[in-house]
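[1] Provide a 3D model corresponding to the input given below.
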Amino acid sequence: MTRLDPLTLRKSEDCYIDKLFQGVADLGCPLLAARFPRVFLDVNREPYEFDPAMFDGPLPTFVNTSSLRVVGGLGTIPRIVSENETIYAQHLTWADANDRIERVYRPYHHTLAGLIEEARQEFGHAILIDCHSMPSSAARLSSSRGQPRADIVLGDRYGASCDHAITRFLEALFADAGLSVVHNKPYAGGYITQAYGSPHNGKHALQIEINRALYMNERTLEKTPGYLELNHILSDVLDQFVSALGDLLSPVPVAAE
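    Next up, the predicted model:
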């Protein structure tokens with residue numbers, strides 16, 4: 001159904017991010033990785049953010065057809081990949097789109113919500129780190145004039161999705177490792193941080209965007225020598241972060257919502 005070659009389709013991929021973060025499993029943390037392409041379905045969106053121009057007929061009235069993400073071509077089923085290249089050579093059907101939601105989107109979010117609630121019930125808090133990569137062009141946009149490009153962008157929806165103590169501590173760890181860190185610009189967090197971040201209920205969601213130029217060739221998608229260095233940095237940062245969690249936040253009473 002696509003008009004693009006496989007390499008072009010992968011321009012929206014968070015390449016190698018699951019591998020870079022896989023060390024958290026050895027620290028006792030659950031790691032949930034999407035095994036489907038974002039160009040097929042993006043779980044960092046509402047379940048029904050669809051561009052009506054992509055479909056061969058009318059959409060149900062409950063579909064969100066006017067969000068900024070839809071207008072930008074990046075809905076739950078994206079219309080474009082980066083550099084504004086149209087993905088599909090033909091219109092989609094509602095049946096196909098709804099099938100993707102039922103088979104892929106809902107199981108992913110059901111699993112994620114269950115992991116978060118399990119942690120909150122056991123510890124009084126749950127901390128979701130939503131891991132992404134960003135093109136180096138976006139990293140340049142996140143930096144002030146005259147400042148170096150951002151290596152890391154931490155998105156907490158301007159404090160609404162995550163306790164400041166968590167964000168500040170993780171920022172300090174990255175800075176101590178020699179990486180430049182920016183808050184909420186140009187990525188303040190997507191649907192996942194919005195939907196699952198509720199600090200007053202003991203649920204914290206923080207998005208991490210990593211500059212792809214640190215570890216990969218953005219044209220060929222091949223790893224560069226920086227991959228191993230970044231892998232070591234992330235392992236050390238995450239080890240320190242997990243070790244300090246007990247001191248960062250005091251338990252809160254767990255109540256049914």
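
[2] Just checking the distance from the helix or strand bottoming out on mean pLDDT in the chain to the centre of its chain.
    One helix or strand of the chain scores below all others by mean pLDDT, DSSP states H and E: helix 136-141, with a mean of 79. Averaging C-alpha positions (C-alpha atoms, centre = their mean, to the nearest Å) puts helix 136-141 16 Å from its chain's average.

[3] got a list of contacts for that helix?
    With C-beta atoms under 8 Å, 6 or more residues apart in numbering as the test, helix 136-141 has contacts from 149, 150, 151, 153, 185, 186, 187, 209, 211, 212, 213, 218. Yep, even glycine has a C-beta here, placed from its N, CA and C like the rest.

[4] contact partners of the helix or strand containing residue 166?
    Under the criterion of DSSP states H and E, residue 166 resides in helix 164-176. Contact partners of helix 164-176, identified using C-beta under 8 Å, 6+ apart, comprise 127, 151-152, 154, 156, 159, 181, 183, 204, 206, 208, 237, 240-241, 244, 248-249.

[5] Toward the C-terminus from that helix, list the very next helix or strand.
    With secondary structure assigned by DSSP H and E, helix 164-176 is succeeded by strand 181-183.

[6] Packing partners of that following strand?
    Using 3 or more C-beta pairs under 8 Å, 6 or more residues apart in numbering; DSSP states H and E as the contact criterion, the neighbours of strand 181-183 among helices and strands are strand 152-155, helix 164-176.

[7] Pull out the buried residues from the longest one.
    For helix 164-176, the buried set under the neighbour-count rule, 16 or more other C-beta atoms under 10 Å, comprises 166, 167, 169, 170, 171, 173, 174.

[8] can you pull out the helices in the stretch 1-150 of the chain?
    6-9, 17-20, 68-71, 94-100, 106-123, 136-141 (DSSP state H, counting those that start in this stretch).

[9] possible to save those as JSON lines with distance to residue 78 and mean neighbour count?
    Conversion of the helices of the stretch 1-150 of the chain to JSON lines gives the following (distance: least, C-beta to C-beta, whole Å; neighbours: other C-beta atoms under 10 Å):
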{"stretch": "helix 6-9", "distance to residue 78": "10", "mean neighbour count": "13"}
{"stretch": "helix 17-20", "distance to residue 78": "18", "mean neighbour count": "17"}
{"stretch": "helix 68-71", "distance to residue 78": "9", "mean neighbour count": "16"}
{"stretch": "helix 94-100", "distance to residue 78": "12", "mean neighbour count": "14"}
{"stretch": "helix 106-123", "distance to residue 78": "16", "mean neighbour count": "14"}
{"stretch": "helix 136-141", "distance to residue 78": "16", "mean neighbour count": "17"}
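
[10] Looking at those helices, which is nearest to residue 196?
    Judged by C-beta to C-beta, the one of the helices of the stretch 1-150 of the chain that comes nearest to residue 196 is helix 106-123, at 5.9 Å.

[11] Pull out the buried members of the contacts of helix 164-176.
    Judged by neighbour count, with 16+ other C-beta under 10 Å as the criterion, the buried members of the contacts of helix 164-176 are 127, 151-152, 154, 156, 181, 183, 204, 206, 208, 237, 241, 248-249.

[12] Which member of those is positioned nearest residue 33?
    When those are compared for distance to residue 33 (C-beta to C-beta), residue 208 wins out at 14.3 Å.

[13] Does the closest one fall in a helix, a strand, or a coil region?
    Following DSSP: H, G, I helix; E, B strand; the rest coil, we place residue 208 in the strand state.

[14] Now it: closest residue in space that isn't a chain neighbour?
    Using C-beta to C-beta, 6 or more residues apart in numbering and skipping residues adjacent in sequence, the residue nearest residue 208 is residue 131, 5.4 Å away.

[15] Likewise for residue 28?
    Nearest residue to residue 28, sequence neighbours excluded (C-beta to C-beta, 6+ apart): residue 242, at 7.4 Å.
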